[in-house]
Each structure stands twice: as structure tokens, then as C-alpha cells.
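Participant: sequence first, predicted model second:
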Amino acid sequence: MARYEFPTTAELLEMGEPRENAVTVYLPATAGDFELARTTVKSSMDEVIRTLRDRGASHGLQEAFAARTAEILADECWHKLSRSLAIFTTDETAEVFVLPNNLEHQIQVSRYFDLGQFLRAVATPQDAYALSLSGKEWNLWRASGTTRAHEIAVDHEGHNSVTHREEANADILDVYAKDIAGIVERELNNEDPTGLQPLFLFATDPLEGIFRKIGVGPRTIVRVPGGSDDLTVDGVDGAIRAGLEEINAQRAGETVDTLADGISKGLVATDLVDIARAAVGGAVDTLVYDFTIDILGRLDSATGAVGYFDDGYDLLSRIAVTVLANGGAVIPVRAADIDSDIWNGTAVARLRFPLSQ
């Protein structure tokens, strides 16, 4: 049942289809507090069943969701948790995604799954590296959108610490830092030649300042206060996720700022009706939208026409998945992340070509 990888775009489209009694549950769920997570799932599903009962659900339907709850609680995922769970279930099926992202507790019972937070996790870059560095030892770490931070096996080539060095004291840290920077840069360039994935640095002065001055090519180095003493996996992963939130928000803001250049050429859409039509027609190159708001309705997958209905699904999520299906990029944001004159607080799209009138 539990999945540790993101769904394909085709699966996301299928997840956005209407179905009877679609239940969505998001919650924090860490290995260190899995009993609390289990209790939260149990109480959330109890609330779901009460909601269904209040809506006139039959005893059989209530029993079916009780059975799905038992299946989820019996799954092996509780021994392999990361940071959050995203649960999508009906009376017949249940699917659980184990994610390293920070998701907020949320429950929805509807005709559609709520994909808002899930799409944020899928579409937002969560790949990064970290270096824990001290005079005694150093380690290289990797984190991704589907895995928590974990150490990378790197050949230290005898550069484990400075304690064995014979150089003069004034030079020992410089030589040590240069050796490590060279190893780290080669390793990261092999894995991420684009250099887009940042490197989080856990170190204290003077090593921190020396290493940052040397650098690892054009890759961004993010300093993490506190150094590398007494680091835990949770500490490394938590610092990376928090730092990525800031980096991704900054990059999203920069993306929106650049969109203004295309206004005079008709390559920017800010009206949701236009964005929807462009998404279906494969015209959207990049969509930036606020994933925290719900605009309910339906999208015609043939024409791109939009209808607004209280019993509809989240249009922004559906449009975002359509953009992904047509090879575009999506950037889910919180409205406060963006400070741009062309930002309307809902959505803006960069187009591949102007829309025909």
C-alpha cells in the first residue's frame, strides 16, 4: 500500500477524477513519533466516518471505511516513516504516500481528492546536498523529494581529519578545506552537473568561512547555524527542508518577475479562464499558482472551458496537472511568497505562444 515515490503525471490525472466518497488525509508523521501519527490517522478516519454517517451513509459504507482504516494502520509504513503522510482512500481502495516534506494536518471528504499539498510536494524542488564539516571529521549528505537526508558514501582519500597533518598550524585548515572542497565538488558535479541543487554547510568558524571562500564551483552554499556537532538525521533533514522553503520561494519570486518581459508579446496570462484554455492547448510553459486556495469547478479537458461549481474539484490543482501532462512546469506557492506587480494572488502563466482570440 505505502509508496515512497511520487506518482506519474498520468496517475495524478487519474487521482483528480471524480469518485464517490473520496477521502484525503495529510498529516505529519515521523519515525520518532510514529505512535502519535497512528493515533492521528485513527482519529482522522473516525472523523471521516462520522462525517459520512451525518451525510446519511449506509452502515455498509461506514464498515468499508473502517476496514480501510485497519488496512492503513496495519501497513508496514509505520516502521519506515519520513516526515509526513498523504493518504487517499475510498471505500474500496487506499493509497498512502510517505513523504519527507512538511505537510499540514488536513482532512477532506468529497467527490474528489484534495491534491493541493500533494502537488506542492511533487512539483517543488526538494533535492539538495549537505556537508557536515569539522576538524575531526566530515560527511556528505543527500536529500530528495522522496527520501530523507542520508549520508553519501564518498572516498575520503585519507582526508578524514586534520589531526594527522604535519603542515604548519597557519595553513593546516586551509589545506584541509581545499582538499575536501575538491572531493565534494567532483562528487556533486558527477551527480548534479547543472549545479542547481544547493549545498547546505554545517560548520563553524574558521572552517566555515574558509570553505565558503573556496566554494564548490557556482553551486549555492547555504550556511546552517550551529555547526556539525551532535548532528542527527532529523536535524540535517529538517535544516535542508527549511532552507529549501526559502530558496524555492525566492526562485519563484524571481520567475514571476521575469514574466513581465513577455506581456507585450502576449506571452503572459493572469486570468484563470485564459490560463485554463492555454493549459489544455499545451501553451503553458510555466504556471505559478497559490496552492493554498480552493477554486471549485470543472475543467473541460477538450476545450479548456472552465465552469465554477460548489460541488466541483480544485481547479488550480487540475490545471496544474494538465500543464505537467503537456510538458510544462508548475510552481505552487503561497501568495505571500510573491511580490510582483503582475502577481494577482492566484495564478500567472508564461506561455509558449500567444493565445488565439
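Facilitator: That came through, no problem.

Participant: which residue is nearest the middle of the protein?
Facilitator: For the chain, Ala121 is the residue whose C-alpha lies nearest the centre (CA atoms, centre = their mean; 2.7 Å).

Participant: distance of that residue relative to Tyr129?
Facilitator: Distance check for Ala121 against Tyr129: by CB to CB, to the nearest Å, it reads 19 Å. Glycine gets a C-beta too; all of them are placed from N, C-alpha and C.

Participant: related to what we said a few turns ago, ok, and the closest non-adjacent residue to the residue nearest to the centre of the chain?
Facilitator: Asn101 (4.3 Å; CB to CB, 6 or more residues apart in numbering).

Participant: try Val256
Facilitator: Going by CB to CB, 6+ apart, Val256 has Ser340 as its nearest residue, at 4.5 Å.

Participant: tell me which element the one you found is part of?
Facilitator: Under DSSP states H and E, no helix or strand contains Ser340.

Participant: quick check: it touching Asp257?
Facilitator: Yes. Ser340 is within contact range of Asp257, at 5.4 Å (criterion: CB atoms under 8 Å).

Participant: helices of the stretch 101-250 of the chain, start to end?
Facilitator: For the stretch 101-250 of the chain, the helices defined by DSSP state H, counting those that start in this stretch cover 116-123, 169-191, 207-214, 233-259.

Participant: burial of the residue nearest to Val256, as a residue count?
Facilitator: By other CB atoms under 10 Å, 17 other residues sit near Ser340.

Participant: shaky segments in the stretch 251-357 of the chain?
Facilitator: 357 (pLDDT under 70).

Participant: about what we covered before: and the residue nearest to the centre of the chain, what does it touch?
Facilitator: Ala121 sits next to 6, 84, 86, 99, 101, 103, 145 when contact means CB atoms under 8 Å, 6 or more residues apart in numbering.

Participant: so the last one sits against Gln126, correct?
Facilitator: If I follow you right, that is Gly145. Yes. Contact status for Gly145 versus Gln126: in contact at 3.7 Å, counting by CB under 8 Å.

Participant: more neighbours: these two, which one.
Facilitator: Gln126 (21 against 17).

Participant: within the sheet, what are the partner strands of the worst-scoring helix or strand of the chain on mean pLDDT, with directions?
Facilitator: Lowest on mean pLDDT, DSSP states H and E among the helices and strands of the chain sits strand 313-314, with a mean of 85. According to DSSP bridges, strand 313-314 has the following sheet partners: strand 296-299 (antiparallel).

Participant: and the next helix or strand past the strand it pairs with?
Facilitator: strand 306-308.

Participant: can you tell me the strand partners of that next one and which way each runs?
Facilitator: Strand 306-308 pairs in its sheet with strand 296-299 (antiparallel), by DSSP bridges.

Participant: hey, C-alpha coordinates of the strand it pairs with in CSV?
Facilitator: Provided in CSV are the C-alpha atoms of strand 296-299 (Å, rounded to 0.1, in the frame of the first residue of the first chain):
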residue,chain,number,x,y,z
LEU,A,296,-14.1,24.8,-7.1
GLY,A,297,-15.3,24.0,-10.6
ARG,A,298,-14.7,21.8,-13.6
LEU,A,299,-12.3,21.9,-16.5
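
Participant: buried sites along it?
Facilitator: 297-299 (16 or more other CB atoms under 10 Å).

Participant: Glu14: neighbouring residues, count only.
Facilitator: Neighbour tally, Glu14, other CB under 10 Å: 12.

Participant: so it lies in a helix, does it not?
Facilitator: Yes. Counting by DSSP: H, G, I helix; E, B strand; the rest coil, Glu14 is part of a helix.
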